[in-house]
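Colleague: 3D model of this:
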Amino acid sequence: MSVTVIISPGYGDSSPDHWQTWLNETLPNSVRVEQINWLSPQRDEWIEGVQRAVESVEGPIILVGHSCGSVAITQWAQRYADSRVLGAILVAPADVDDDYAMEEIKVQRPLMLAKLPFPTVVVCSDNDIHVSVERAHYFAECWGSKAVHVLNQAGHINADNGYGSWPQMLEWIEELAKAW
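Modeller: Sure, this is the predicted structure:
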C-alpha cells in the first residue's frame, strides 16, 4: 500500500532547513499544501488549501501539520473529513484562541475542539511560546489523540530550534500507517 503524506506548513511557510521541507524531500510520496498567503492564515482559505492537496492525490493519506498548519488540518477535518485519511501528526498546534497569540494568526479562530474522524498524534514542546503543554494536552484530549509526545526544550519545533532532519517523524508516520 502506498501512502501519501500531505504536509501542511504553518504561518510563513517552512524554510528550506525546516523539518517539513526535509520530510517533503525525503518522502517521494509526499505533497506539500500550498496556501494563497503564508503570512495571513485566513481560516477558510487555509482549509481550502488542505482540501486542494487532498483532492490532488489518490489512495490513503497521512496528514502532517505544523503550528497553524495543524490548526488548518483540524478545521479541514470538521468540514471535509475524507475516509482515505489514515491519521494525522499535529506538531506544535498554535493556540490561536490565546489572548496572547500573534495578531496574524488570530484570524484562524476559533480552534476546532471536537473529536477528529481519524487517529492523531500531538507533538509539542515544554517551552513553546505558541502553545503551552497544558493546552496541547487539552487539544489532544478534545481531538481524541492516541498519543502526546512532549519534547524537552524544543521551542516551536522548527528550524530555529534545530528541527531540520527529523528521523523520528518517519517512525511516527510509519506507526500511523501500520495502525490502519
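Colleague: Please enumerate the helices of this structure.
Modeller: 19-26, 43-55, 68-80, 133-143, 167-179 (DSSP state H).
Colleague: Now render the ones you listed as CSV, adding mean neighbour count.
Modeller: C-betas here are computed from N, CA, C, even on glycine. Shown next, in CSV, are these (neighbours: other C-beta atoms under 10 Å):
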stretch, mean neighbour count
helix 19-26, 20
helix 43-55, 18
helix 68-80, 24
helix 133-143, 18
helix 167-179, 15
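Colleague: for those, which one sits closest to residue 4?
Modeller: Minimum separation from residue 4 across the helices of the chain (C-beta to C-beta) falls at helix 43-55, 9.2 Å.
Colleague: Residue 128 against residue 155, yeah?
Modeller: Yes - when contacts are counted by C-beta atoms under 8 Å, residue 128 is listed as touching residue 155 (6.1 Å).
Colleague: what sits against the nearest residue to residue 109 once chain neighbours are set aside?
Modeller: Setting aside the residues directly before and after it, residue 109 is nearest to residue 96 in space (C-beta to C-beta, 6 or more residues apart in numbering), at 5.3 Å. With contact set as C-beta atoms under 8 Å, 6 or more residues apart in numbering, residue 96 has these partners: 68, 71, 105, 106, 108, 109, 110, 111.
Colleague: Might you list the low-confidence residue ranges for this structure?
Modeller: Across the chain, the ranges flagged by pLDDT under 70 are 1.
Colleague: Closest to the centroid, which residue in it?
Modeller: residue 65 (1.6 Å; C-alpha atoms, centre = their mean).
Colleague: hmm, back to that, among the helices of the chain, which is nearest residue 122?
Modeller: helix 133-143 (4.1 Å).
Colleague: what does the closest one contact?
Modeller: Residues contacting helix 133-143 (C-beta under 8 Å, 6+ apart): 74, 90, 92-93, 95, 98, 111, 113-116, 120, 122, 124-126, 128, 131, 145, 147-148, 150.
Colleague: that older thread, drop anything exposed from the contacts of residue 96.
Modeller: For these, a burial check counting by 16 or more other C-beta atoms under 10 Å picks out 68, 71, 105, 108, 111.
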